[in-house]
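# any chance you could fold what I've pasted below:
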Amino acid sequence: MAGLWRCMLVVVLLMCVCLWDSTEAVGGAKSRPRPQKRPPKKPKVDPIDLAQPAQNIDLQQMTGTWYLLNTASKCSYLINHGTKVEPTVMTLTRPAGSNQMLSVSTKTRHNHQCWEILQVYHLTPTSGRLTLKGARPELNIDIVIAETDYTSYAIMYYQKHGKITLKLYSRSVDDLSEPMLTKFEELAEKQGLGLAYLFPFPTYSHCGAVDRDHIINCVPTC
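Next up is the predicted model:
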């Protein structure tokens with residue numbers, strides 16, 4: 001009798017094993033889904049990094065006087081009040097004994113008085129790319145000379161806090177050619193910028209000697 005019970009127990013165990021195997025074969029035991037790995041974040045690209053500087057920029061030829069004719073920006077004030085922005089004259093010089101920077105004098109009118117802003121653009125290893133250093137690195141302004149023929153026009157990018165401003169300069173306020181304006185508008189559209197200055201362009205009058213009280217050293221903001 002004991003042998004019969006042992007045989008029956010063996011048969012029951014074999015049936016359980018068979019049923020377990022068949023369950024795994026059909027559907028199997030459900031396992032926990034593995035946690036999905038998050039895709040790696042794409043590296044942040046500053047808009048200025050997409051702006052290609054002109055090749056082999058000769059900074060010595062960039063020195064001299066430039067008149068600001070047009071501006072493109074996402075800055076709402078510039079877009080809405082562009083025609084009211086005062087004319088601006090920028091003069092670039094190379095300091096004696098230094099080949100790693102440009103001295104910049106920017107003259108403009110404010111409250112019917114002439115103001116001069118003195119700055120220094122530092123050269124970078126990339127030709128045509130400059131840096132205007134702020135009080136902290138995050139306040140630096142990156143500058144790219146995008147297009148120029150040295151004798152008539154220059155198109156320059158300025159970036160601060162990841163925001164781009166595009167500026168069109170001319171050697172003469174009367175020398176505005178259609179190809180020059182077309183290049184500027186194409187670059188502005190490529191960056192999704194709105195034009196600030198509209199026709200007519202700002203009227204320039206001579207801003208001569210500046211009183212010492214109206215000379216400031218600063219980093220411009222939008």
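# just give me the neighbour total for Thr93.
Thr93 has 11 neighbours, counted by other CB atoms under 10 Å. All C-beta spots, glycine's among them, are computed from the backbone N, C-alpha and C.
# go on, Lys37?
Neighbours around Lys37, by other CB under 10 Å: 6.
# same check, this time on Gln159
19.
# other SSEs contacting the helix or strand where Met156 lies?
Met156 belongs to strand 153-160 when assigned by DSSP states H and E. Contacting strand 153-160 under the criterion 3 or more CB pairs under 8 Å, 6 or more residues apart in numbering; DSSP states H and E are the following elements: strand 141-148, strand 163-170, helix 178-190.
# let's see it at 6 Å
strand 141-148, strand 163-170 (3 or more CB pairs under 6 Å, 6 or more residues apart in numbering; DSSP states H and E).
# could you check the angle that strand makes with helix 178-190?
On the basis of axes from the mean of the first three to the mean of the last three CA atoms, to 10 degrees, strand 153-160 is oriented at 20 degrees to helix 178-190.
# what's the angle between strand 153-160 and strand 141-148?
Here the directions of strand 153-160 and strand 141-148 differ by 160 degrees (the same axes, to 10 degrees).
# return the alpha-carbon coordinates of strand 153-160 using PDB.
Output of strand 153-160 as PDB, limited to C-alpha atoms (Å, rounded to 0.1, in the frame of the first residue of the first chain):
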ATOM      1  CA  TYR A 153      30.200  97.200 -45.500                       C
ATOM      2  CA  ALA A 154      30.500  94.800 -42.600                       C
ATOM      3  CA  ILE A 155      27.900  92.500 -41.100                       C
ATOM      4  CA  MET A 156      28.500  91.400 -37.500                       C
ATOM      5  CA  TYR A 157      26.800  89.100 -35.000                       C
ATOM      6  CA  TYR A 158      26.600  89.900 -31.300                       C
ATOM      7  CA  GLN A 159      25.400  87.300 -28.800                       C
ATOM      8  CA  LYS A 160      24.700  87.800 -25.100                       C
END
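# quick check: can you name the pairing partners of that strand and their directions?
With DSSP bridges as the test, strand 153-160 is paired with strand 141-148 (antiparallel), strand 163-170 (antiparallel).
# circling back: and among the helices and strands packed on strand 153-160, the most buried is which?
Each of the helices and strands packed on strand 153-160 was scored by mean neighbour count; the highest is strand 163-170, a mean of 22, by mean count of other CB atoms under 10 Å.
# what's the burial count for Ser152?
Look at Ser152: counted by other CB under 10 Å, it has 14 neighbours.
# related to what we said a few turns ago, okay if I get the helices and strands packed on strand 153-160 as JSON lines plus mean pLDDT?
What follows is these, written out as JSON lines (pLDDT from 0 to 100):
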{"stretch": "strand 141-148", "mean pLDDT": "92"}
{"stretch": "strand 163-170", "mean pLDDT": "90"}
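# show me the contacts for Leu168.
Leu69, Asn70, Ile155, Phe184 (CB atoms under 6 Å, 6 or more residues apart in numbering).
# just put the residues you listed in JSON lines and tack on pLDDT, neighbour count and distance to Tyr121.
Output for the contacts of Leu168, formatted as JSON lines (pLDDT from 0 to 100; neighbours: other CB atoms under 10 Å; distance: CB to CB, whole Å):
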{"residue": "Leu69", "pLDDT": "86", "neighbour count": "23", "distance to Tyr121": "20"}
{"residue": "Asn70", "pLDDT": "86", "neighbour count": "24", "distance to Tyr121": "21"}
{"residue": "Ile155", "pLDDT": "93", "neighbour count": "23", "distance to Tyr121": "16"}
{"residue": "Phe184", "pLDDT": "88", "neighbour count": "22", "distance to Tyr121": "21"}
